[in-house]
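1. Sequence unavailable; structure follows:
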């Protein structure tokens, strides 16, 4: 079984074409997040060196932005339902992590 077929089974999708579209959505989302960082920091800090706190804040705040782009690209490429379920599982795991600590 190829790695694409393993993903198809793991993600419970109907075809290899759908697996490829899902991987493409992940790639588009990652590149979008990558490409928005430089213009944002150039706008906020112009010629100055980027402070460490700004980088740290960016990595904390990028999580909801990444997830919003994931849903947007999922919608644009016809895979919204898959990514909506993916987001619910992802945030459910995060909530379980924080609520299970005593």
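-> In hand now; what should we look at? Computed from a predicted structure; not experimentally measured.

2. in stretch 60-80, what's buried?
-> For stretch 60-80, a neighbour-count test (16 or more other C-beta atoms under 10 Å) marks 67, 69, 70, 71, 72, 73, 74, 77, 79 as buried. Any C-beta I mention is one placed from the backbone N, CA and C, and that applies to glycine too.

3. what sits up against that stretch?
-> The set of residues external to stretch 60-80 that reach it, using C-beta atoms under 8 Å, 6 or more residues apart in numbering, is 18, 21-22, 24-26, 28-29, 32-33, 36, 82-84, 86-87, 90.

4. Show me which of the residues you listed are buried.
-> Restricting the contacts of stretch 60-80 to buried positions leaves 18, 21, 22, 25, 28, 29, 33, 82, 83, 86, with burial counted as 16+ other C-beta under 10 Å.

5. Show me which helix runs longest in this structure.
-> Secondary structure of the chain per DSSP state H: the longest helix is helix 16-45.

6. looking at it, residue 50 is touching residue 41, isn't it?
-> Yes: in terms of C-beta atoms under 8 Å, residue 50 counts as a neighbour of residue 41; the distance is 5.3 Å.

7. Where does pLDDT dip in this protein?
-> Scanning the chain for pLDDT under 70 picks out the ranges 101-102.

8. can you rerun that using 90?
-> In the prediction, the chain carries residues with pLDDT under 90 at positions 1, 34, 36-61, 63, 90-102.

9. The nearest residue to residue 37 once chain neighbours are set aside: helix or strand, and which one exactly?
-> Sequence neighbours aside, residue 58 is the residue nearest to residue 37 in space, at 6.5 Å (criterion: C-beta to C-beta, 6 or more residues apart in numbering). Taking DSSP states H and E as the definition, one finds residue 58 inside helix 52-76.

10. Relative to residue 23, how far out is the nearest residue to residue 16 once chain neighbours are set aside?
-> Closest residue to residue 16 apart from its sequence neighbours, by C-beta to C-beta, 6+ apart: residue 4 at 5.3 Å. Computed with C-beta to C-beta, to the nearest Å, the distance linking residue 4 and residue 23 is 9 Å.
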